[in-house]
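[1] Give me a 3D structure for the following:
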Amino acid sequence: MTVLDELDRRLVHALRIDGRAPFSRIGEVLGVSTQTVARRYRRLRADAGLRVVGLVHHERDEHTRWLVRLGATTAAARTLADSLARRPDTSWVKLLSGGTEILLIVRMPGDADAAQSFLLREIPRAASITTVSAHYVLHTYLGGPTAWHGQVAALDERQCRRLTPRLDGPVSGRAVSDADDALLAALQADGRAGLADLATATGWSPATVARRLADLRGRDEIFFDVQLDDALLGANTQALLWMSVAPARLDEVASELAGHPELAFVFATTGPNNLVAQVMCSDTGALHHYLTRRLGTFEAIRTLEVAPVLATIKAAGRLNPSCTGQRSARAMKKALAPTGPAGPGRGSGR
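    Coordinates of the predicted model:
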């Protein structure tokens, strides 16, 4: 198993600050050669699943996000999760609770018809689904461009300042649009792709790609995330926390939780559980301590449900090759095949 040393952790932190920083600049800040940085980066890509991905700020486009919880039979849950991970509209897919529950983060167009089609017609057609609940994401308190503390705890403030990109140059008046789809797709596949590769993907010239990329970054339309096996950073035990918080205190509680280093994301959502978070701990003892000694002090949290994360099948729109495995097309098709008349009530669990 790959073990991250201090230099590896500092490299991960550096990439989280600026995913497209040249290896030469990273090496200068870390006090090592450019060749050493490049060699470590290649090793982490090959052995630890390290990827830099370029993503659009959720608040910058007209799409909505939904957390969808699916209960499924044990025999079919994994195949179903793999199938759903291959949909272009899912950005995160996790297997939870002993392998009987799937969590999706689904990105949908802003119109209600798209959400209705996915939630009421497509999902219930899977015969193995036993329950469905959907939660509209109202606000992100932690997540997206805000990194989990475990990824950004290796560099000091001076090093962080030296790596922070200067994006205060002149920008055009055009925000992200459909014309950027090819560029955004290429950056999501590889946030460190060179200008020549991005030019091939978009059909633009390298100079046009460079200008548009600088424009999108200068307007803060996109950010760069780092994906790798979180267990290598000490997060051996992960869980989803579904909380019900008094509405009058929701903003206060969520804002405070966003400062907890154990949490990777904090969302305010619709539904009886109106606050959802992911906790990252070293082991079950640390998780128990966090639940009892940290969350237990919040009187405004009226109920708490803990769902252990068994596997992350898809993260930030990318399949996790160590989790998806090689599923046959026939098995995936069968998992989502209808077994009878489909209707709004099928598989709803109500």
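[2] Keeping just the C-alphas, turn stretch 56-76 into PDB.
    Provided in PDB are the C-alpha atoms of stretch 56-76 (Å, rounded to 0.1, in the frame of the first residue of the first chain):
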ATOM      1  CA  VAL A  56     -17.400  25.000 -12.100                       C
ATOM      2  CA  HIS A  57     -18.600  26.700  -9.000                       C
ATOM      3  CA  HIS A  58     -22.100  25.400  -8.400                       C
ATOM      4  CA  GLU A  59     -23.400  28.900  -7.700                       C
ATOM      5  CA  ARG A  60     -22.200  30.100 -11.200                       C
ATOM      6  CA  ASP A  61     -24.400  28.000 -13.400                       C
ATOM      7  CA  GLU A  62     -28.200  27.400 -13.800                       C
ATOM      8  CA  HIS A  63     -28.100  23.800 -12.600                       C
ATOM      9  CA  THR A  64     -29.500  22.600  -9.300                       C
ATOM     10  CA  ARG A  65     -28.000  19.900  -7.000                       C
ATOM     11  CA  TRP A  66     -29.900  17.100  -5.300                       C
ATOM     12  CA  LEU A  67     -28.800  14.600  -2.700                       C
ATOM     13  CA  VAL A  68     -30.600  11.400  -3.500                       C
ATOM     14  CA  ARG A  69     -30.700   8.500  -1.000                       C
ATOM     15  CA  LEU A  70     -31.600   5.100  -2.500                       C
ATOM     16  CA  GLY A  71     -32.200   2.000  -0.400                       C
ATOM     17  CA  ALA A  72     -31.400  -1.100  -2.400                       C
ATOM     18  CA  THR A  73     -31.100  -4.900  -2.000                       C
ATOM     19  CA  THR A  74     -27.700  -6.100  -0.800                       C
ATOM     20  CA  ALA A  75     -27.200  -8.300  -3.900                       C
ATOM     21  CA  ALA A  76     -27.800  -5.500  -6.400                       C
END
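[3] Now do the buried residues in that stretch.
    56, 58, 61, 64-72, 76 (16 or more other C-beta atoms under 10 Å). No exception for glycine: its C-beta is placed from N, CA and C like everyone else's.
[4] Stretch 26-36 too?
    Ile26, Gly27, Val29, Leu30, Val32, Thr36.
[5] pretty sure the fifth one is touching Leu7, no?
    Translated: Val32. Yes - the pair Val32 / Leu7 is scored as a contact, 6.8 Å apart, by C-beta atoms under 8 Å.
[6] Filter the buried residues of stretch 26-36 down to just the ones in helices.
    Among these, the residues falling in helices (DSSP state H) are Ile26, Gly27, Val29, Leu30, Thr36.
[7] Pick out the most distant pair among these.
    Farthest apart among these by C-beta to C-beta are Val29 and Thr36. That separation is 12.6 Å.
[8] Mutual contacts of the two, please.
    Counting by C-beta atoms under 8 Å, 6 or more residues apart in numbering, Val29 and Thr36 have no contacts in common.
[9] and stretch 131-147, average pLDDT?
    On average, the pLDDT along stretch 131-147 is 88.
[10] List the buried residues of that stretch.
    Val132, Ser133, Ala134, His135, Val137, Thr140, Tyr141, Leu142, Gly143, Ala147.
[11] Thanks a lot, catch you later.
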